[in-house]
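Peer 1: Predicted model and sequence follow; I will ask about them next.
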There are 2 protein chains.
Amino acid sequence: MTNDFQQFEKVRIKDIAEKAGVSVGTVDRVLHGRPNVSAKARERIEKALQELNYQPNRFASALASNKKYMFHAIMPSHETNSYWSEAELGLYDAVRELQDFNIYFSISCYDVYDINSYINVLDQVLNNHPDGVVLVPQTEQATIDFCNQLTQKNIPFVFMDSNVSEIHPLSFLGQDSHMSGYFAARMLMLEAKEDKEVAIFHFDIASPQQNNRENGFKQFMKEKYPECKIKEVTLRPNPQEIEEKLTLFFAQNPNIRLGCTFCSYSYLVGEFAIKHQMKQIRLLGYDVLERNIECMKKDIISFLIAQHPWRQGYGCIDALFNHIVMKKEIKSSYYMPIELITKENWEYYIKNGIL
Amino acid sequence: MTNDFQQFEKVRIKDIAEKAGVSVGTVDRVLHGRPNVSAKARERIEKALQELNYQPNRFASALASNKKYMFHAIMPSHETNSYWSEAELGLYDAVRELQDFNIYFSISCYDVYDINSYINVLDQVLNNHPDGVVLVPQTEQATIDFCNQLTQKNIPFVFMDSNVSEIHPLSFLGQDSHMSGYFAARMLMLEAKEDKEVAIFHFDIASPQQNNRENGFKQFMKEKYPECKIKEVTLRPNPQEIEEKLTLFFAQNPNIRLGCTFCSYSYLVGEFAIKHQMKQIRLLGYDVLERNIECMKKDIISFLIAQHPWRQGYGCIDALFNHIVMKKEIKSSYYMPIELITKENWEYYIKNGIL
């Protein structure tokens, strides 16, 4: 056992000055990037810093600086209690946590069904000259143009939720959607008995993530259950259409017992099954939303996969802050966990933060 | 869409002084708890603080203070690459993150098989007069005595990993072990086919968590699979004993295909099964350790439940720091997620932190 209280060693400015044989004021000038230091003094100070393994008190430096930072986030329009509202909360929580560091912040939302709304928002953000940008990208040429301009202007940007392979943001925060779909198939097939077919309930929304997940799902099925047929139906989140299309789908596929949705809308299928007393149905869906949980409690949704939207939002601001303000190194991607949620463990799913 | 850059409003000392009709110096005296302020001035300042909804810059206040804090952690002795070494890393990472705030830190380890070693460590920590304590408690009278003394001395303490019901720490960070075991049974039984019996591989280590998980597991089995028999064997982490006892156990129970361990040692059973080419075996275990992952890749361990030891360690220091230094409110428990790990998603399990 150890009993020596340990502190990670601090180097004082005085120590640096002594080692370099210069005044404390000269060290201070170098540390804060101010002019009027001779080349010789600068060299001796830099050598001393290295030898002493100097770690600046970055909190104190950032607090002492009066620089203001404008961060801007661009994301889909959304309702309350949705996947995106959790991500929005994460963005705001991170900004609030950093309020002492002069971070100014704004969010612009676009209509995922309207490319012009997306382009307009991108233009407006560029005109605002932000210091850092969080973007939920759409797979459009406009995204490439926008990111090129940010790069030219030396404005760091991070991608939230979805990645675009041709573009290299400072960092990507989201799930590995292909593996997530592969995992989804593994989990859903644990519920299989004599099932010879499974359903994919595809929603008609602009989401590259959804398509990647479907591909991962199909890869698993091809590898492990090649004899099992996949029946697909495409839906929009419209109550009447859901009712009609699902009634038809289940009439045509009476043996379907297992199904997947690759977005937040699993509850729309789940509520249909509950309403029509289709007690045999077992679904896997995405995102820990109230209506999904309700279907899980009624044993219609067996599994949900959590994507940690709060953590994505919080992490995006944190990445910009650490890169721009704290000058720390940032990884090119921070994959979210592929976390399985069931009736038994959902209350312990940590939406927010470390604590 | 919104375009107004927003910052969480800051109240300046000057604003408070103006509102209260006193000097800036007087406001400063009140904010920093210094004497020589008239009752009347204090009252006016406190009213102004309330009306302006003043939020002190807690980072700056804590940095400006020269107070030193001694935190002490007490945990089981452990090997590298173990569950406890991850927790230890979390403790150190949090302390390093807070190095600018004068946190001194030390860890003392005890032998879980030796009550005297536990008692000795508790005594030594008390004699060190810490400002805050992290404890992995054992269910012993010594724990109650130690915590009573901390309470008398007004020293806050948090429990890591295990809780003791009679004691009220500042906070508990760990898993709900009963529900974790209940969830474990749900998952393991997804692998069941015609199985009429399952095994519990109980390890002879002092861990209240292990027993709670077993109880949760048995509750699920009683509720959902009352006809399924549970066969138990108790092991110690000793290679020769494992070999002998498991050989006998499987000879006596040739139909056993599914089994659980409720601690990190699943790999000891898994490696036995691999060595003896018992390819039919499917196990569920705890903790994302290398040897467990190896057994998972070979399809012997189907599932692991992660307990986030790094996060527990980090969170314990964070809880003490936020309570003692930042004067923030702390919840009485922070349950860890009950996170399912499989061959498909283990690489995305986030051991450390938000990013």
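Peer 2: Happy to help now that I have it.
Peer 1: how about the strands in the stretch 1-150 of chain A?
Peer 2: For the stretch 1-150 of chain A, the strands defined by DSSP state E, counting those that start in this stretch occupy A:69-76, A:103-110, A:132-135.
Peer 1: what lines up beside the shortest one in the sheet?
Peer 2: The one in question is strand A:132-135. strand A:69-76 (parallel), strand A:157-160 (parallel) (DSSP bridges).
Peer 1: quick one: which of the ones you listed is nearest residue B:121?
Peer 2: With CB to CB as the measure, strand A:157-160 is the member of the strands paired with strand A:132-135 nearest residue B:121 (44.8 Å). Yep, even glycine has a C-beta here, placed from its N, CA and C like the rest.
Peer 1: ok, then the element right after that closest one?
Peer 2: From strand A:157-160 onward toward the C-terminus, using DSSP states H and E, the following helix or strand is strand A:171-174.
Peer 1: Pull the residues that contact that next one.
Peer 2: A:158-163, A:209, A:307, A:311-312, A:315-316, A:319, A:330-336 (CB atoms under 8 Å, 6 or more residues apart in numbering or on different chains).
Peer 1: Roughly how far does residue A:137 sit from chain B?
Peer 2: Distance, residue A:137 to chain B, by CB to the nearest CB, to the nearest Å: 17 Å.
Peer 1: Same check on residue A:343?
Peer 2: With CB to the nearest CB as the criterion, residue A:343 and chain B are 8 Å apart.
Peer 1: Now do the same contact list for that residue.
Peer 2: Residue A:343 neighbours (CB under 8 Å, 6+ apart): A:296, A:297, A:299.
Peer 1: Now render the strands of the stretch 1-150 of chain A as a markdown table, adding mean pLDDT and mean neighbour count.
Peer 2: Below are the strands of the stretch 1-150 of chain A laid out as a markdown table (pLDDT from 0 to 100; neighbours: other CB atoms under 10 Å in any protein chain shown):
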| stretch | mean pLDDT | mean neighbour count |
| --- | --- | --- |
| strand A:69-76 | 96 | 23 |
| strand A:103-110 | 94 | 21 |
| strand A:132-135 | 98 | 26 |
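Peer 1: Quick one: closest of those to residue B:190.
Peer 2: Comparing these by CB to CB, strand A:69-76 comes nearest, at 34.7 Å.
Peer 1: and the stretch 101-250 of chain A, which residues reach chain B?
Peer 2: Proximity of the stretch 101-250 of chain A to chain B, by CB under 8 Å from any CB of the partner chain, involves residues A:102-110, A:121, A:124, A:128, A:175-176, A:179, A:182-183, A:186, A:190-191.
Peer 1: Is it possible to get TSV of the contacts of residue A:343 that adds neighbour count and pLDDT?
Peer 2: TSV is the format used below for those (neighbours: other CB atoms under 10 Å in any protein chain shown; pLDDT from 0 to 100):
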residue	neighbour count	pLDDT
A:296	24	97
A:297	11	96
A:299	13	96
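Peer 1: Save these as TSV, and put in secondary structure and distance to chain B too.
Peer 2: Shown next, in TSV, are the contacts of residue A:343 (DSSP: H, G, I helix; E, B strand; the rest coil; distance: CB to the nearest CB, whole Å):
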residue	secondary structure	distance to chain B
A:296	helix	12
A:297	helix	14
A:299	coil	12
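Peer 1: May I see the residues you listed organised as TSV, with distance to residue B:66 added?
Peer 2: Shown next, in TSV, are the contacts of residue A:343 (distance: CB to CB, whole Å):
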residue	distance to residue B:66
A:296	52
A:297	54
A:299	59
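Peer 1: which strands and helices sit next to the helix or strand containing residue A:181?
Peer 2: Secondary structure from DSSP H and E places residue A:181 in helix A:177-190. Helices and strands touching helix A:177-190, by 3 or more CB pairs under 8 Å, 6 or more residues apart in numbering or on different chains; DSSP states H and E, are helix A:208-224, strand A:258-261, strand A:282-286, strand A:301-306.
Peer 1: Next, format the ones you listed as JSON lines and append mean pLDDT and mean neighbour count.
Peer 2: What follows is those, written out as JSON lines (pLDDT from 0 to 100; neighbours: other CB under 10 Å):
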{"stretch": "helix A:208-224", "mean pLDDT": "94", "mean neighbour count": "18"}
{"stretch": "strand A:258-261", "mean pLDDT": "97", "mean neighbour count": "25"}
{"stretch": "strand A:282-286", "mean pLDDT": "97", "mean neighbour count": "26"}
{"stretch": "strand A:301-306", "mean pLDDT": "97", "mean neighbour count": "25"}
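Peer 1: circling back: out of the strands of the stretch 1-150 of chain A, which is closest to residue A:341?
Peer 2: strand A:69-76 (22.6 Å).
Peer 1: so who does residue A:300 touch?
Peer 2: Neighbours of residue A:300 in contact, by CB under 8 Å, 6+ apart: A:270, A:273, A:274, A:281, A:282, A:283.
Peer 1: Those residues: which two are farthest apart?
Peer 2: Farthest pair in the contacts of residue A:300, by CB to CB: A:274 and A:282, 12.6 Å.
Peer 1: number of nearby residues for residue A:252?
Peer 2: 10 (other CB atoms under 10 Å in any protein chain shown).
Peer 1: distance of it from chain B?
Peer 2: 29 Å.
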